[in-house]
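Visitor: after the sequence you'll find the predicted model.
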2 protein chains.
Amino acid sequence: MSAVSVSESLTRSVEDYLKAIYQLSPEGRPASTSEIAHLLALSPPSVTGMVKRLSEHGLLEHVPYRGVQLTEEGRRAALRMVRRHRLIEAYLVEFLGYSWDAVHEEAERLEHAVSDVLVERMATALGHPNVDPHGDPIPSADGSIQELACTPLSDIPVGETVEIHRVHENQPENLRYIASLGLRPGVRVRVVDRQPIDNLVTVEVGGEQHVIGRELGHVLQCARSGGR
Amino acid sequence: MSAVSVSESLTRSVEDYLKAIYQLSPEGRPASTSEIAHLLALSPPSVTGMVKRLSEHGLLEHVPYRGVQLTEEGRRAALRMVRRHRLIEAYLVEFLGYSWDAVHEEAERLEHAVSDVLVERMATALGHPNVDPHGDPIPSADGSIQELACTPLSDIPVGETVEIHRVHENQPENLRYIASLGLRPGVRVRVVDRQPIDNLVTVEVGGEQHVIGRELGHVLQCARSGGR
DNA sequence: CTGCAATATTAGGACGTCCTAAATCGGAGC
DNA sequence: GCTCCGATTTAGGACGTCCTAATATTGCAG
């Protein structure tokens, strides 16, 4: 009844809404109008209006004043966009010399323009990677995604050594700063100190020590279990 | 006064109109409303309306009932799209395993989504080619283009041997047929016969003979000068 | 339990793009 | 030189997306 219609060519706006709602709650918890509006840089009334249209099309469910949830069909469409976005990012870094701070903006436009065929060609050229340059998992073509358990660096106890898995940041400037500290997915860091106020964490990475603030501490998502 | 404004982010539709008008008359002869409407698969009134808007923005000049011509600014914007389109086609064929009949549709969408940076990265990866997979010249980044003199195969006299330079066709089905005859840019063919009625031309290519009709005879653009 | 602040929705409007139907123009043939 | 057909433009309207201003709801604080 709904399986095919995902590919009935959604507009660019619709694709953005679905991806935003998915990103606000991958688990399916309702997302609020204002969260969506903030993420998409739109006014709340615009979101209310679009949400109404999308729920009529069966892509999400809207309980007025209570938020929206993707339907199964909406979730499929959203994951399709996430897959495109992350594969495009990976491709640009691998084959076209992009740095990780520049790929987001480019992918944000390309994800609406590439065909399924092109996406799969890129995936093949890349050897079907599981993660993008920021460590975010790439959903498979059939819509499954494996979110691996991560802990924000802010929550790692002093003395522990962890591996950075994901860097949850899109702003180019911030990404360049993070890279300048030697922090990127796959790097191991040791928490050597924590200040009780402001939750400042001192980490050792590649022989250097850096102080990490609250925001960056949540951007850096780590795997705690020492074993690879 | 107008040099910068080309990059003031034109909409997808506007980009399509400019490219269409350029393609209808690279030399700058006026293009008619109905020609444009036909090429873009729109109704003539839609074209009239858009043309009015574009001429107010200084991208073209419209003399009512007499057709439209691109301004210098409009021509620059159009050539930018042509460059993107043809480089994307070349890239898809070279690096992502596309065949020449599949690239047009993909490039038609991507040309609106890629950044200037990405276009230049692709050009670099390709070694700054002069022509796309159909033999069409790729405008340079500064907007110059070298159209080389071509003669339709239909106009080649019997007995002459020529090299195919360009294949003026977008339809995948037709392109596959053309390829199946061994006809593509760079191939040499000899005209062995011509029927006076219907202008059917018999050519020899790769040891085989094929009869070429009027339409295909104009699709195949050849270099007459025997040299190289 | 009531009232207020925060959040969400409705009302009303703009803009870009497209359409069909109706009017108008321009040139070819008489 | 007039007439008429085809090309073009004007008129009027739909749709998707967005906005601001005004209204409604929710839930918390007192």
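Guide: Alright, I've got the coordinates. Numbering: from 1, shown residues only, chains lettered A, B, ... in the order given.
Visitor: any buried residues in stretch A:104-115, and which?
Guide: Buried residues in stretch A:104-115, counting neighbours by 16 or more other CB atoms under 10 Å in any protein chain shown, are found at A:104, A:106-114. From N, CA and C alone the C-beta is placed, and that goes for glycine too.
Visitor: and stretch A:133-145, by the same measure?
Guide: By neighbour count on 16+ other CB under 10 Å, the buried set for stretch A:133-145 is A:133-139, A:143.
Visitor: and those as JSON lines, adding distance to chain B and pLDDT?
Guide: Compiled in JSON lines, those are given as follows (distance: CB to the nearest CB, whole Å; pLDDT from 0 to 100):
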{"residue": "A:Pro133", "distance to chain B": "16", "pLDDT": "97"}
{"residue": "A:His134", "distance to chain B": "19", "pLDDT": "97"}
{"residue": "A:Gly135", "distance to chain B": "23", "pLDDT": "97"}
{"residue": "A:Asp136", "distance to chain B": "21", "pLDDT": "96"}
{"residue": "A:Pro137", "distance to chain B": "23", "pLDDT": "97"}
{"residue": "A:Ile138", "distance to chain B": "18", "pLDDT": "98"}
{"residue": "A:Pro139", "distance to chain B": "21", "pLDDT": "98"}
{"residue": "A:Gly143", "distance to chain B": "23", "pLDDT": "91"}
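Visitor: okay, which residue is most central for chain A?
Guide: Using CA atoms, centre = their mean, the residue of chain A that lies closest to the mean C-alpha position is A:Asp136, 5.9 Å off.
Visitor: correct me, but that one touches A:Arg166?
Guide: Yes. Under the criterion of CB atoms under 8 Å, A:Asp136 is in contact with A:Arg166, at a separation of 5.7 Å.
Visitor: any idea how far A:Pro64 is from A:Ala113?
Guide: Taking CB to CB, to the nearest Å as the measure, A:Pro64 and A:Ala113 are separated by 34 Å.
Visitor: ok, now A:Ala31?
Guide: Plainly put, A:Ala31 is 26 Å away from A:Ala113 if you go by CB to CB.
Visitor: then A:Val162?
Guide: The value you get for A:Val162 to A:Ala113, if CB to CB is used, is 38 Å.
Visitor: check A:Gly135 too.
Guide: Distance of A:Gly135 to A:Ala113, given as CB to CB: 25 Å.
Visitor: likewise for A:Met50?
Guide: Taking CB to CB as the criterion, A:Met50 is separated from A:Ala113 by 21 Å.
Visitor: same check on A:Ala90?
Guide: A:Ala90 sits at a distance of 17 Å from A:Ala113 (criterion: CB to CB).
Visitor: now do the strands in chain A.
Guide: Along chain A, the segments classed as strands by DSSP state E run A:60-63, A:67-70, A:151-152, A:161-167, A:188-194, A:201-205, A:208-212, A:220-223.
Visitor: now these in TSV, with mean pLDDT, mean neighbour count and distance to DNA strand C?
Guide: Formatted as TSV, those follow (pLDDT from 0 to 100; neighbours: other CB atoms under 10 Å in any protein chain shown; distance: least, CB to the nearest atom of the strand, whole Å):
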stretch	mean pLDDT	mean neighbour count	distance to DNA strand C
strand A:60-63	96	17	6
strand A:67-70	96	23	6
strand A:151-152	94	16	23
strand A:161-167	96	20	27
strand A:188-194	95	17	30
strand A:201-205	96	19	29
strand A:208-212	96	14	28
strand A:220-223	95	23	26
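Visitor: for the ones you listed, give me a markdown table that also has distance to B:Glu215.
Guide: Output for the strands of chain A, formatted as a markdown table (distance: least, CB to CB, whole Å):
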| stretch | distance to B:Glu215 |
| --- | --- |
| strand A:60-63 | 49 |
| strand A:67-70 | 49 |
| strand A:151-152 | 64 |
| strand A:161-167 | 55 |
| strand A:188-194 | 65 |
| strand A:201-205 | 66 |
| strand A:208-212 | 67 |
| strand A:220-223 | 59 |
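Visitor: nearest to B:Leu126, out of the ones you listed?
Guide: Across these, the minimum distance to B:Leu126, taken as CB to CB, is reached by strand A:161-167, at 31.6 Å.
Visitor: starting from the closest one, tell me which strands it pairs with and how they run.
Guide: Applying DSSP bridges, strand A:161-167 is found paired with strand A:188-194 (antiparallel), strand A:220-223 (antiparallel).
Visitor: list the contacts for A:His169?
Guide: One correction, residue A:169 is Glu, not His. Under the criterion of CB atoms under 8 Å, 6 or more residues apart in numbering or on different chains, the contact list for A:Glu169 reads A:134, A:175, A:178, A:219.
Visitor: the same query, at a cut-off of 6 Å, please.
Guide: A:175, A:219 (CB atoms under 6 Å, 6 or more residues apart in numbering or on different chains).
Visitor: could you do the one 3 residues further on as well?
Guide: Taking CB under 6 Å, 6+ apart as the contact definition, A:Pro172 lies against A:Asp101.
Visitor: kindly report the same for A:Ser46.
Guide: By CB under 6 Å, 6+ apart, A:Ser46 lies in contact with nothing.
Visitor: one more time with 10 Å
Guide: Taking CB atoms under 10 Å, 6 or more residues apart in numbering or on different chains as the definition of contact, the neighbours of A:Ser46 are A:13, A:17, A:33, A:36-37, A:40.
Visitor: before we move on, the earlier item: do I have it right that the residue nearest to the centre of chain A meets A:Val103?
Guide: No. In this structure A:Asp136 lies outside contact range of A:Val103 using CB atoms under 10 Å: 11.5 Å.
Visitor: overlap in contacts, those two.
Guide: Residues touching both A:Asp136 and A:Val103 (CB under 10 Å, 6+ apart) are A:85-86, A:89-90.
Visitor: distance to A:Leu148 and neighbour count for those - can I get that in TSV?
Guide: Compiled in TSV, those are given as follows (distance: CB to CB, whole Å; neighbours: other CB atoms under 10 Å in any protein chain shown):
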residue	distance to A:Leu148	neighbour count
A:His85	19	22
A:Arg86	14	23
A:Glu89	18	25
A:Ala90	17	26
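Visitor: sorry, back to before: which one of the buried residues of stretch A:133-145 sits closest to A:Val158?
Guide: Taking those together and measuring to A:Val158 by CB to CB, the closest member is A:Gly135, at 23.6 Å.
Visitor: run through chain A and note the low-pLDDT ranges.
Guide: A:1-8, A:225-228 (pLDDT under 70).
Visitor: could you rerun that using 90?
Guide: The model of chain A has pLDDT under 90 over residues A:1-9, A:147-149, A:196-199, A:224-228.
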